[in-house]
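Chemist: Okay, structure incoming, though there's no sequence with it:
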């Protein structure tokens, strides 16, 4: 069962990204968080909660106003063209990007570092769970596209790697 604080955190994460819908099923609980269609929004206030019927209970289906455009980070890390021969390491989930295992520790990787398929390159925090992300390829880190502590979206490129 999800705690109210966890649901609120998920709503904030969805609201702050370009993700339009998040569907979670956990321990018999089904939760859908969906942003309202921008053409349906009259004011900047969130639409009232709607309820969907699920086995054993009703779970609120929240609809929120889209995040302000200035809070959404570009998916490529900038407007410059990306070399198609470079491998993109992308975020497997919505969460917070951390470049090191702790605030006192050095980063997992820097630009110019060599990595292999099993090299940990960062941590993505989602719902207070720290998920280590591996490089997936053997090569050299060419660019880090996000900042430490930045919210990232599902599928957002995080690193560019020159494959060997």
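Modeler: Nice, thanks for sending it over. These numbers were taken from a predicted model, which means no experiment stands behind them.
Chemist: Could you work out the end-to-end span of stretch 92-110 for me?
Modeler: Stretch 92-110 has an end-to-end distance of 20 Å (CA to CA, to the nearest Å).
Chemist: Give the helix, strand or coil label for the residue lying closest to residue 153 once chain neighbours are set aside.
Modeler: Closest residue to residue 153 apart from its sequence neighbours, by CB to CB, 6 or more residues apart in numbering: residue 17 at 4.5 Å. Placement of C-beta: from N, CA and C, glycine included. Under DSSP: H, G, I helix; E, B strand; the rest coil, residue 17 falls in the coil class.
Chemist: correct me, but residue 17 touches residue 151?
Modeler: Yes: taking contacts as CB atoms under 8 Å, residue 17 lies within contact range of residue 151: 6.4 Å.
Chemist: Mind listing the shared neighbours of these two?
Modeler: Shared contacts of residue 17 and residue 151, defined by CB atoms under 8 Å, 6 or more residues apart in numbering, are found at residue 94.
Chemist: Centroid-nearest residue for this protein?
Modeler: residue 94 (2.0 Å; CA atoms, centre = their mean).
Chemist: Which pLDDT does the model give the nearest residue to residue 99 once chain neighbours are set aside?
Modeler: The shortest distance from residue 99 to any residue other than its chain neighbours is 4.2 Å, reached at residue 107 (CB to CB, 6+ apart). Looking at residue 107, its pLDDT is 95.
Chemist: tell me which element residue 107 is part of?
Modeler: For residue 107, there is no host helix or strand (DSSP states H and E).
Chemist: and it, how far is that from residue 162?
Modeler: 18 Å (CB to CB, to the nearest Å).
Chemist: How about residue 117?
Modeler: Applying CB to CB, the value for residue 117 to residue 162 is 15 Å.
Chemist: before we move on, what about residue 153?
Modeler: According to CB to CB, residue 153 stands 24 Å off from residue 162.
Chemist: ok, those two, which is more surrounded?
Modeler: residue 153 (19 against 14; other CB atoms under 10 Å).
Chemist: Hmm, that one is touching residue 94, no?
Modeler: Yes: look at residue 153 against residue 94 with CB under 8 Å: they come within range, at 5.7 Å.
Chemist: quick one, strands of the chain?
Modeler: 21-26, 29-34, 50-54, 57-61, 87-90, 95-98, 114-115, 120-126, 129-134, 139-144, 151-152, 157-163 (DSSP state E).
Chemist: Tell me which of these approaches residue 8 most closely.
Modeler: Proximity to residue 8 (CB to CB) singles out strand 29-34 among these, at 10.5 Å.
Chemist: What is that closest one packed up against?
Modeler: Identification of packing neighbours for strand 29-34 by 3 or more CB pairs under 8 Å, 6 or more residues apart in numbering; DSSP states H and E yields helix 4-15, strand 21-26, strand 50-54, strand 57-61.
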